[in-house]
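**Student:** this one's structure only:
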């Protein structure tokens with residue numbers, strides 16, 4: 001930005017006017033003051049929605065810590081010599097600015113997912129922040145290392161939703177495992193950060209199919225985590241309470257592994273002690289935590305449990321999302337098929353008020369591409385499988401819908417399950433997600449047992 005360039009020139013002039021006799025301490029003080037002033041402007045631009053200008057301000061800040069005469073480049077980053085010369089406060093500013101830049105580039109990427117430059121810079125800024133903090137000698141002088149904690153959290157989000165190449169020829173599993181272990185180690189003496197680190201560690205284990213290990217880590221996290229005490233501060237620090245997300249998700253994992261009594265107790269705990277701490281406006285969080293809880297309840301195959309799931313989801317997710325309309329987050333579109341499953345399971349096969357609307361929706365919906373893998377990441381189910389189940393539930397209501405509608409729904413089930421197979425099975429036959437594949441196989445089996453003609 002033009003204004004950012006002006007600030008940079010002014011800062012450079014101030015520093016060049018400083019005689020060597022005044023010493024490094026004064027020079028560092030001026031750099032930090034210039035960085036602070038530029039950061040204020042950057043936050044102002046970000047608040048106004050001028051993301052590109054906020055990015056330019058951050059680039060100006062990072063240039064202040066480059067060798068004299070060099071501008072900061074998103075591609076080149078910092079040299080080892082420059083990293084070694086950072087004092088503790090300068091290290092904090094550089095790391096915080098890189099993490100903030102990663103978030104800004106992520107926003108730019110989300111506004112246009114074809115923007116490969118934004119995606120590349122998003123990932124690199126976060127990786128650079130973690131790497132610089134790890135190797136900078138000044139790190140040893142920091143008693144409070146919380147400046148890096150958001151970097152671990154951002155990298156976990158990147159690992160979940162983006163393709164990336166780990167450094168030093170490491171495998172993704174080894175890189176993420178090392179990252180999560182470092183996060184746990186760094187947060188050992190700060191309780192709510194420790195909770196987030198353990199959630200990260202469990203998430204990495206789960207992502208690589210090690211659910212039993214993840215459940216053990218979640219048990220450790222639950223011994224520390226207090227939703228009333230920690231949830232709001234976690235949201236403030238990390239945008240989302242990932243601890244709550246993982247605890248709720250683990251209810252379905254427990255059910256899947258035959259630990260059903262534990263799963264039901266955890267569902268009650270989530271509803272009774274964790275759901276109340278979530279703000280009414282945080283619909284995405286409610287969707288994230290109630291989906292695994294409601295799936296666990298419905299899988300009990302008991303009418304009372306299905307009705308409880310239906311009422312929970314309707315009250316806290318579906319009705320508020322409908323009320324929000326176009327203002328709701330795009331992911332809230334996932335409510336409809338989930339709600340259809342819950343309505344069908346709690347209706348005892350009888351027609352319900354908006355049945356014909358639901359049939360029309362499932363036969364004419366146009367799902368965005370991202371929803372398939374997002375569902376897999378957060379709910380251990382391919383979105384296409386959930387849609388297949390919703391269609392199958394509707395098709396089974398033979399006394400309430402026409403033969404043509406039933407036939408069309410069965411065809412839609414087949415189409416969805418074909419998409420699920422493509423999502424969950426690699427060309428060499430490797431299963432992408434064992435839990436999601438088990439769900440797919442279950443729906444496929446139900447379809448095969450259905451005697452409805454096509």
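**Tutor:** Nice, I can see it. What you are looking at is a predicted structure, and each value in this text was computed from that prediction instead of being measured.
**Student:** tell me if I'm right that residue 103 and residue 154 touch.
**Tutor:** Yes - using Cβ atoms under 8 Å, residue 103 is in contact with residue 154, at 6.5 Å. The way it works is simple: take the backbone N, C-alpha and C, and place the C-beta from them, glycine included.
**Student:** these two - which one has more neighbours?
**Tutor:** It is residue 154, of residue 103 and residue 154, that has more neighbours when counted by other Cβ atoms under 10 Å, with 23 against 19.
**Student:** in which helix or strand would I find residue 114?
**Tutor:** Under the criterion DSSP states H and E, no helix or strand holds residue 114.
**Student:** what is the burial count for it?
**Tutor:** Neighbours of residue 114 using other Cβ under 10 Å come to 7.
**Student:** mind checking pLDDT for it?
**Tutor:** pLDDT for residue 114: 90.
**Student:** pop out the phi and psi values for it.
**Tutor:** phi -90, psi 0 (degrees, to the nearest 10).
**Student:** relative to residue 230, how far out is it?
**Tutor:** 38 Å (Cβ to Cβ, to the nearest Å).
**Student:** residue 289 now?
**Tutor:** 15 Å.
**Student:** can you pull out the strands in the stretch 151-300 of the chain?
**Tutor:** Here the stretch 151-300 of the chain has no strands by DSSP state E, counting those that start in this stretch.
**Student:** so where is it shaky, pLDDT-wise?
**Tutor:** 189 (pLDDT under 70).
**Student:** let's see 90
**Tutor:** 157, 160-164, 167-169, 182, 184-192, 229, 233, 236-239, 281 (pLDDT under 90).
**Student:** residue boundaries of the helices in it?
**Tutor:** In the stretch 151-300 of the chain, the helices defined using DSSP state H, counting those that start in this stretch lie at 172-186, 191-207, 211-222, 227-238, 242-256, 260-269, 283-298.
**Student:** residues contacting residue 158?
**Tutor:** Contacts for residue 158 (Cβ atoms under 8 Å, 6 or more residues apart in numbering) come out as 102, 106, 122-123, 126, 164.
**Student:** a markdown table please, covering the residues you listed and showing neighbour count and secondary structure.
**Tutor:** Formatted as a markdown table, the contacts of residue 158 follow (neighbours: other Cβ atoms under 10 Å; DSSP: H, G, I helix; E, B strand; the rest coil):
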| residue | neighbour count | secondary structure |
| --- | --- | --- |
| 102 | 25 | helix |
| 106 | 22 | helix |
| 122 | 26 | helix |
| 123 | 22 | helix |
| 126 | 28 | helix |
| 164 | 18 | coil |
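**Student:** of those residues, closest to residue 404?
**Tutor:** Using Cβ to Cβ, residue 106 comes nearest to residue 404 of the contacts of residue 158, at 45.8 Å.
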